[in-house]
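Asker: Sequence and predicted structure are below.
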Amino acid sequence: MAAQDTDTDTIAAAPVPQAAGMPMLHKVIFVLLLIFLAGLPFMVYPIFAMKVMCFALFAAAFNLLLGFGGLLSFGHAAYFGGASYVAAHAAKVWGLTPELSVLCGTAAAAFLGLVIGGLSIRRQGIYFAMVTLAFAQMVYFFALQVPFTGGEDGIQSVPRGDLFGLISLENNIALYFFVLAVTFGGILFLYRIVHSPFGQVLKAIRENEPRAISLGYNVNRYKLMVFVLSATFAGLAGATKSQVFQLASLTDVHWAMSGEVVLMTLLGGMGTIFGPLVGGALIVTMQNYLATFGAWVTIIQGIIFVIGVLLFREGIVGVISRWLKRPL
Amino acid sequence: MSIVLEARGLTKEFKGFVAVNDVDLKVEKGTIHALIGPNGAGKTTFFNLLTKFLQPTRGTIHYEGRDITRMPPARIARLGMVRSFQISAVFPDLTVLQNVRVALQRKRGESYDFWRSEKSLTRFDDAARGYIDEVGLSEFVHHRAAELSYGRKRALEIAATLALEPEMLLLDEPMAGMAQEDIERISALIKRVAKNRTILMVEHNLSVVANLSDRITVLARGEVLAEGDYDAVSKSPEVIEAYIGAGYD
C-alpha cells in the first residue's frame, strides 16, 4: 500500500502550474466575451440579450453559494424577485434614477439574505435546502398579499428613467450597455470573490469542514458571508431585470424560479466560472425560441436537462474543463 | 511542573450507553502524553470531548487554568490548542503550499476580505515554505494534497498545524494505517516538534508510543485503567489483560 502510494507520488503527480492573478486563458475568455456582448444588440433583439445577461448573473451568483460554498439553497427566487420588486417600486413610486433603483433592490436582497441566511445556515444538506425554500415561500406569499407589489398584476410600466439623471435609457441600446456594465461587472466581482483570501478559506471549508474548524475558523460566519454575497448578486440580477422589462411580477419570486437557477447552474457546470453563464444563456435562449410550443417548453427543457445530466454529469463547462485539464 | 490541560470527572453518555465514564486526566506542560487503549475503550470519544467536537454529559475541562467546557471548537483552536484527525485532515484540492497558507491566514486573523486579490496571500509563502521544509515536503510544494501518499498527507497536516504555532497539539492516532518507514518518519517528526510544546496523542498500539511518550494513560471501557511511564504501564497486569481480553495480540 505504502510502496504503491510512494510510486504514484513520483510518477503520476505533477505540480500544479503556478500563475499569479487571473490565468491567461480566463483573461482571453472574458475579453472575447466582452467583444461578443458589445456586438450582440446589433444582431439580436436587445431585450432578449439583456434577459440572457441578467440570468447569467443570477446563475453565477447562485453558483457562488452552491459551487464554491457547498450550500444548496432552494429559495434564491426570494432575493432575485424581492430585489426586482424593490427596484421597480423605487423607480416608479420614489422616482429614483435607474442606478439608485438597482442599488435599492440589491441592498434589499442583501438584507433579506442576511436574515434568511442567518436563520438557515445552522442546518445542513437537505434540511438547509428545505429551510431556504420555506422562507422563499414566505416571501412569495408576502409579495402576493401586500399592496405595494400589486398582487397578481405585479408592478407594471416601471419608468426607465435617466442614468445618473443624465442619460436617457428609453433607447434600447443605451439600456443595453447599462445592463452590460452591471452584469459583466457583477460577474467579474464574483470571480474576484472566488479568488480572494476569503474564497480560499471558503474552498477549505467546502473540502474539509472539521479541519477548517480545528484550524480555528468560525465556519458558520464564512457560510453566512457567502450566503449574503450570493443573495446580493442574485438581487443585483433581479433588480436589473426589472428595469429591462419595466416589470416586477410574481414569476420572479415563485419557487419555479428557484428551481430554474439550480437547473442553469447544474447544466452549465457547478463550481466552474463560466458554467453558470453558459447554463443561463442556454435555458433563456431555449425558452425564447421554443416559446411557440407553449406548455411543451417545460417538457422539452426537462428532457434536455435529463440528457444533460446523463451525458455531462459535471455540466457542459465542467466536461470541457476536464478535457482541457484546466479549470474554467 | 504545571498542568496545561486537565479533565475532571469527564463523562459522555450516548442514549444510555456510557462511552466515557468519570475520567480524570492531567497533562503536564512540555511533555508528550499518550492515551492508549484497545478498540472501543472510548479514546476517540474522550479525545473529541477534549477538543470540544463533542459536548460532555458531565465534568469539566480546563486549559491553562481556564474553563473551556462550554467553548466552541474553533475558539479552542484560537487559544492555542490544535487537534489533528484520525482520517488525515488535509484540503485535498488545495496544493501543499495552499494548505499551509490557509492555516497562516487564520493566525493573521479572520479572512473576510472577499474584495482583495489572491495575490495578497503570497506574503505568507516564505513562512509556509519554512513549515513545509520542516516536515520534509519541499519537493511537493505545488502538488495537490490529494496526490500525496498517506504518510506525506500526515506530514502536511502536521505542517499546517505547526503553522498555527500552537502551544498544545492533540494528535488523534497519528500513526494509524501507516507503513513502518512512515511510522519512523512521523515519530521523529513528533519528537522534533515536541520541543517547547505539549502533545497529547491517542494511539491504539502500545509499542508505537514506547519511546515517544513521557507519560501514558490507558483507557478501557471508558475508564482509566492505569497511568504511568511505559515500563510501569506495560507491566501492569490489568493492561495486559485488557489488551488480550479485547482480542489484541
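Answerer: Good, I have the coordinates. Numbering: from 1, shown residues only, chains lettered A, B, ... in the order given.
Asker: Okay, strands next: where are they in chain B?
Answerer: B:3-14, B:17-28, B:32-36, B:58-63, B:66-67, B:81-83, B:168-172, B:198-203, B:215-220, B:223-228 (DSSP state E).
Asker: Serialize the ones you listed to JSON lines and add fields for mean neighbour count.
Answerer: C-betas here are computed from N, CA, C, even on glycine. Formatted as JSON lines, these follow (neighbours: other CB atoms under 10 Å in any protein chain shown):
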{"stretch": "strand B:3-14", "mean neighbour count": "18"}
{"stretch": "strand B:17-28", "mean neighbour count": "18"}
{"stretch": "strand B:32-36", "mean neighbour count": "24"}
{"stretch": "strand B:58-63", "mean neighbour count": "18"}
{"stretch": "strand B:66-67", "mean neighbour count": "10"}
{"stretch": "strand B:81-83", "mean neighbour count": "26"}
{"stretch": "strand B:168-172", "mean neighbour count": "23"}
{"stretch": "strand B:198-203", "mean neighbour count": "24"}
{"stretch": "strand B:215-220", "mean neighbour count": "24"}
{"stretch": "strand B:223-228", "mean neighbour count": "17"}
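Asker: between the ones you listed, which gets nearest to chain A?
Answerer: Among the strands of chain B, the nearest to chain A by CB to the nearest CB is strand B:81-83 (5.0 Å).
Asker: Skip the chain neighbours and tell me the closest residue to the residue nearest to the spatial centre of chain B.
Answerer: Nearest residue to the geometric centre of chain B (CA atoms, centre = their mean): residue B:171, 1.6 Å. With sequence-adjacent residues excluded and distances taken as CB to CB, 6 or more residues apart in numbering or on different chains, residue B:171 is closest to residue B:201, at 4.1 Å.
Asker: and that neighbour, what is it in contact with?
Answerer: B:32-35, B:170-174, B:190, B:209, B:212-213 (CB atoms under 8 Å, 6 or more residues apart in numbering or on different chains).
Asker: 7 Å instead, please
Answerer: Contact criterion CB atoms under 7 Å, 6 or more residues apart in numbering or on different chains gives B:32, B:34, B:171, B:174 as the residues in contact with residue B:201.
Asker: Mean pLDDT added to the strands of chain B, as a markdown table?
Answerer: Shown next, in a markdown table, are these (pLDDT from 0 to 100):
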| stretch | mean pLDDT |
| --- | --- |
| strand B:3-14 | 90 |
| strand B:17-28 | 90 |
| strand B:32-36 | 90 |
| strand B:58-63 | 92 |
| strand B:66-67 | 91 |
| strand B:81-83 | 89 |
| strand B:168-172 | 89 |
| strand B:198-203 | 90 |
| strand B:215-220 | 89 |
| strand B:223-228 | 86 |
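Asker: doesn't residue B:85 make contact with the residue nearest to the centre of chain B?
Answerer: No. The criterion here is CB atoms under 7 Å, and residue B:171 misses it with residue B:85 at 9.2 Å.
Asker: Can you give me the distance of the residue lying closest to residue B:24 once chain neighbours are set aside to residue B:59?
Answerer: Spatially, and ignoring its direct neighbours in sequence, residue B:24 is nearest to residue B:8 (5.8 Å; CB to CB, 6+ apart). Residue B:8 sits 6 Å away from residue B:59, going by CB to CB, to the nearest Å.
Asker: Likewise for residue A:99?
Answerer: 60 Å.
Asker: what does residue B:202 give?
Answerer: 18 Å.
Asker: Then residue B:229?
Answerer: For residue B:229 relative to residue B:59 (CB to CB), the value is 26 Å.
Asker: cool, residue A:53 as well?
Answerer: 59 Å.
Asker: Next: residue B:165.
Answerer: Counting by CB to CB - residue B:165 and residue B:59 are separated by 29 Å.
Asker: what's the offset of the lowest-mean-pLDDT helix or strand in chain B from the middle of its chain?
Answerer: In chain B, no helix or strand scores lower on mean pLDDT, DSSP states H and E than helix B:237-245, which sits at a mean of 74. Centroid displacement of helix B:237-245 relative to its chain, using CA atoms, centre = their mean, to the nearest Å, is 25 Å.
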